[in-house]
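>>> Sequence first, then the predicted structure, then my questions.
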Amino acid sequence: MKNIHSLVVFLILTFGTVSTIAQTPSGPNSNALKALTRNDLPGAVRIIDSDIADGKNLFESFKFRSELKNLNGDFTGAFADITKALEIKSTAGGLYQQRAILRMVLGQEPNRILEDLDLAISFGVKHEKMYSTRGMIRINAGDLDGGISDYKLAIGLRPGYAQPTVGLASAYRKKGGDNTAAKILEDFVATVENLDKRVRPLGGTVTASNTVETRGLDGSTKTRETTTLLVGQAVTLKNMPSAQEMEQMGDRMEQTKNTAAAYAHLASLYEKRKELDKALITSDKGIKIDPNDFYGLGIRGIVKLELRDFNGAVTDLDRAIRITPKNASLYLNRGIAHLLLDKQSEAQRDFDKYLELNPSGKPFLDKQIEYARKMQTSDNPML
């Protein structure tokens with residue numbers, strides 16, 4: 001059986017929890033729930049399969065079997081069962097939300113994801129996370145103005161919410177509004193730092209890393225790297241916290257991780273302005289909150305590279321690559337650091353890996369190597 005601990009964490013961040021189902025008054029077969037509390041996932045599936053074959057309590061049974069299939073990593077099957085449940089009850093807004101998330105996991109078209117999110121909202125699911133998710137999909141689909149509108153709605157419903165704040169700043173950057181993006185992030189981190197209670201660092205280790213691809217409305221492919229965390233708190237189906245506790249745990253994890261991301265994105269803007277000391281301090285703060293933030297580590301690596309701390313850059317980029325080994329830019333930047341340390345063979349290995357992951361990147365690689373050569377012969381730290 002798969003590691004229930006990490007699967008439950010994934011469930012927190014996406015679909016909800018089994019304990020939520022267990023507390024539903026007209027829920028599924030109680031024997032299936034008992035089997036699940038014994039960690040007998042196959043037994044729970046067999047009971048629900050039998051109920052569905054007999055036509056018993058079909059709406060709740062399809063809902064529950066979808067959750068079970070999600071636990072087992074069968075996202076295609078989970079999608080099919082949610083769809084069947086919606087055919088029985090087409091006004092269940094929460095199921096449209098879950099199906100939208102499954103569409104994302106399965107890499108389906110942004111327009112189909114947006115259809116489900118719109119339906120969820122129309123049937124009463126109007127909380128900040130819904131608008132933030134729809135904003136993200138709209139941005140990935142190329143609808144910057146629509147995404148900005150949704151992110152603002154989410155922040156209006158929950159001031160200080162990190163996820164849409166980072167998304168809103170990213171959207172303005174894509175529109176060329178770096179100053180606006182910086183102001184959004186500076187205001188956010190100032191609020192975080194002025195709170196009486198400091199953000200608690202995110203515990204755990206990265207147990208999986210995968211790349212999710214979405215296609216824009218114009219057919220172009222947009223790639224977003226995601227990671228799955230194994231948190232330090234022991235969680236199994238036998239000692240499952242309450243639905244409220246699970247929701248609070250997931251929310252804290254999400255808020256903390258996106259707070260760290262806000263620092264990383266702000267550091268990136270400072271690096272672009274060549275305000276390197278500010279960039280270094282800002283990236284340090286974010287990494288203290290989330291030591292597994294590969295983007296923050298990558299940005300700090302670039303900053304150290306520009307500050308001529310080449311060994312420090314290699315250290316940060318090593319850590320980032322261990323977390324997300326398929327990110328081409330990390331190999332490029334580490335290769336430049338190795339080159340500036342006169343480690344020719346290490347540099348060449350990194351450049352080869354960069355081109356393996358990004359076959360069209362040769363012209364950019366050549367420009368970066370030329371830039372590095374200038375750094376070797378110049379006293380100007382900004383080169």
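Alright, I've got the coordinates. This one's a predicted model, so the numbers in the text were calculated from it and none came from an experiment.
>>> OK, contacts around the closest residue to residue 307 other than its chain neighbours?
Nearest residue to residue 307, sequence neighbours excluded (Cβ to Cβ, 6 or more residues apart in numbering): residue 276, at 5.6 Å. Backbone N, C-alpha and C define where each C-beta goes, glycine included. Applying Cβ atoms under 8 Å, 6 or more residues apart in numbering to residue 276 gives the contacts 270, 303, 306-307, 381.
>>> Spell out, range by range, the strands that occur in the stretch 101-250 of the chain.
205-215, 221-230 (DSSP state E, counting those that start in this stretch).
>>> Return the subset of the contacts of residue 276 lying in helices.
Counting by DSSP state H, those place 270, 303, 306 in helices.
>>> Among these, which one has the most neighbours?
residue 303 (27 neighbours; other Cβ atoms under 10 Å).
>>> so what's that residue up against?
With contacts taken as Cβ under 8 Å, 6+ apart, residue 303 has the following neighbours: 267, 271, 276, 279-280, 283.
>>> hmm, try it at 10 Å
Shown in contact with residue 303 (Cβ atoms under 10 Å, 6 or more residues apart in numbering): 267-268, 270-271, 275-284, 309, 312-313, 316.
>>> So which of those residues sit within strands?
Among those, DSSP state E puts none in strands.
>>> Tell me the buried residues within those.
With neighbours counted using 16 or more other Cβ atoms under 10 Å, those contain these buried positions: 267-268, 270-271, 276, 278-280, 282-283, 309, 312-313, 316.
>>> among the residues you listed, which are in helices?
For the buried ones among the contacts of residue 303, the ones inside helices are 267-268, 270-271, 276, 278-280, 282-283, 312-313, 316, with DSSP H as the criterion.
>>> For the residue nearest to residue 307, give its distance to residue 190.
As judged by Cβ to Cβ, to the nearest Å, residue 276 and residue 190 stand 21 Å apart.
>>> for residue 333, same thing?
Noted for residue 333: a distance of 29 Å to residue 190, by Cβ to Cβ.
>>> Also residue 100?
According to Cβ to Cβ, residue 100 stands 33 Å off from residue 190.
>>> Which one of those two is surrounded by more residues?
Legend: neighbour count by other Cβ under 10 Å for residue 100 and residue 190, higher for residue 100 (24 against 9).
>>> For the helix or strand harbouring that one, which helices and strands make contact with it?
Per DSSP states H and E: residue 100 is located in helix 93-105. Secondary-structure packing of helix 93-105 (3 or more Cβ pairs under 10 Å, 6 or more residues apart in numbering; DSSP states H and E): helix 58-71, helix 75-88, helix 110-122, helix 128-140, strand 205-215, strand 221-230.
>>> and that helix with helix 58-71, angle?
Using axes from the mean of the first three to the mean of the last three Cα atoms, to 10 degrees, the direction of helix 93-105 lies 30 degrees away from that of helix 58-71.
>>> quick check: angle from helix 93-105 to helix 110-122?
Interaxial angle of helix 93-105 relative to helix 110-122 (the same axes, to 10 degrees): 160 degrees.
>>> got the angle between helix 93-105 and helix 128-140?
Going by the same axes, to 10 degrees, helix 93-105 makes 40 degrees with helix 128-140.
>>> Could I have the CA atoms of helix 93-105 written out in CSV?
Extracted in CSV, the C-alpha atoms of helix 93-105 (Å, rounded to 0.1, in the frame of the first residue of the first chain):
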residue,chain,number,x,y,z
GLY,A,93,-20.9,23.1,-6.2
GLY,A,94,-18.2,21.4,-4.2
LEU,A,95,-17.9,18.5,-6.7
TYR,A,96,-17.4,20.9,-9.5
GLN,A,97,-14.5,22.4,-7.5
GLN,A,98,-13.0,18.9,-7.0
ARG,A,99,-13.5,18.0,-10.6
ALA,A,100,-11.7,21.2,-11.7
ILE,A,101,-8.7,20.2,-9.5
LEU,A,102,-8.7,16.7,-11.0
ARG,A,103,-8.8,18.3,-14.5
MET,A,104,-5.6,20.2,-13.5
VAL,A,105,-4.0,17.0,-12.2
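>>> what inclination does that helix have with respect to helix 75-88?
Going by the same axes, to 10 degrees, helix 93-105 makes 150 degrees with helix 75-88.
>>> Run the chain-centre distance for helix 93-105.
In terms of Cα atoms, centre = their mean, to the nearest Å, the centre of helix 93-105 is found 16 Å from the chain centre.
>>> and it, which residues are buried?
In terms of neighbour count (16+ other Cβ under 10 Å), helix 93-105 has its buried residues at 93-105.
>>> Likewise for stretch 324-342?
For stretch 324-342, a neighbour-count test (16+ other Cβ under 10 Å) marks 324, 327-340 as buried.
>>> distance from the centroid: which residue in the protein tops it?
Ranking residues of the chain by C-alpha distance from their mean position (Cα atoms, centre = their mean) puts residue 377 at the top, at 40.4 Å.
>>> per-residue pLDDT, that residue?
For residue 377, the pLDDT comes out at 76.
>>> Just want to check the distance between it and residue 171.
Distance from residue 377 to residue 171, counting by Cβ to Cβ: 40 Å.
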